[in-house]
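Asker: how would this look folded up:
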Amino acid sequence: MELLRLHAHDWHGRKPDWAAAAVAGFLAGAVLMVLEGVWTLLMDNGDPWLTARMLAAMVLGSGVLDRSGFSVGVVVLALFIHYLLGIVFGLALAVLVTEFHSEHSPGKIETIGAVFGVLLYLLNFHLMSLAFPWFAQMRGWSTLMAHLVFGISAALLYWKFRREPAQVETGLSA
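Answerer: Alright, predicted model coming up:
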């Protein structure tokens, strides 16, 4: 029964280190981007700019998917969206890590990050594909594994960069 308690009484006054979470999400987004890029180059033999067009289509509309090749504007917008989402997901992950009191346990953080990565994959490529159907074509093991790595990377980076609450309030670093 003890395992089912979340110790809600300990939550009061506990806040994530938002700066560490944002940096962790940004850097884990870079890891994800490299993994996707390498996978596309090695295995896909397709258009290396398709993922950028898919991200940009979230803002520009599906017409951008009909284009081919490199476009500076599309790539800049895709990078902005990708890293913004990485930061947002890093912030969400930090809330989970703090909620489950796992800030000091790399093993728990890795587990939370792995579960988060799988849930993120399901959100992005199954739920969000209802609004952006072009993402459905990215469903598969390679994308799932890349998001698993994102979750674990973001969690471990947060663990590494996270400051104690007193340091966060005073702006000191560890």
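Asker: Touching, Ser153 and Leu27? I think so.
Answerer: Yes - contact criterion C-beta atoms under 8 Å: Ser153 and Leu27 qualify, at 7.2 Å. No exception for glycine: its C-beta is placed from N, CA and C like everyone else's.
Asker: which parts of stretch 52-59 are buried?
Answerer: 52-58 (16 or more other C-beta atoms under 10 Å).
Asker: Check stretch 121-133 too.
Answerer: 121, 124-125, 129.
Asker: again, but for stretch 36-56
Answerer: Neighbour-count burial for stretch 36-56 [16+ other C-beta under 10 Å]: 36, 40, 49-56.
Asker: re the thing from before, can you add secondary structure, distance to Glu164 and pLDDT and give the buried residues of stretch 52-59 back as JSON lines?
Answerer: Shown next, in JSON lines, are the buried residues of stretch 52-59 (DSSP: H, G, I helix; E, B strand; the rest coil; distance: C-beta to C-beta, whole Å; pLDDT from 0 to 100):
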{"residue": "Ala52", "secondary structure": "helix", "distance to Glu164": "39", "pLDDT": "91"}
{"residue": "Arg53", "secondary structure": "helix", "distance to Glu164": "43", "pLDDT": "93"}
{"residue": "Met54", "secondary structure": "helix", "distance to Glu164": "40", "pLDDT": "93"}
{"residue": "Leu55", "secondary structure": "helix", "distance to Glu164": "36", "pLDDT": "94"}
{"residue": "Ala56", "secondary structure": "helix", "distance to Glu164": "40", "pLDDT": "96"}
{"residue": "Ala57", "secondary structure": "helix", "distance to Glu164": "42", "pLDDT": "96"}
{"residue": "Met58", "secondary structure": "helix", "distance to Glu164": "37", "pLDDT": "96"}
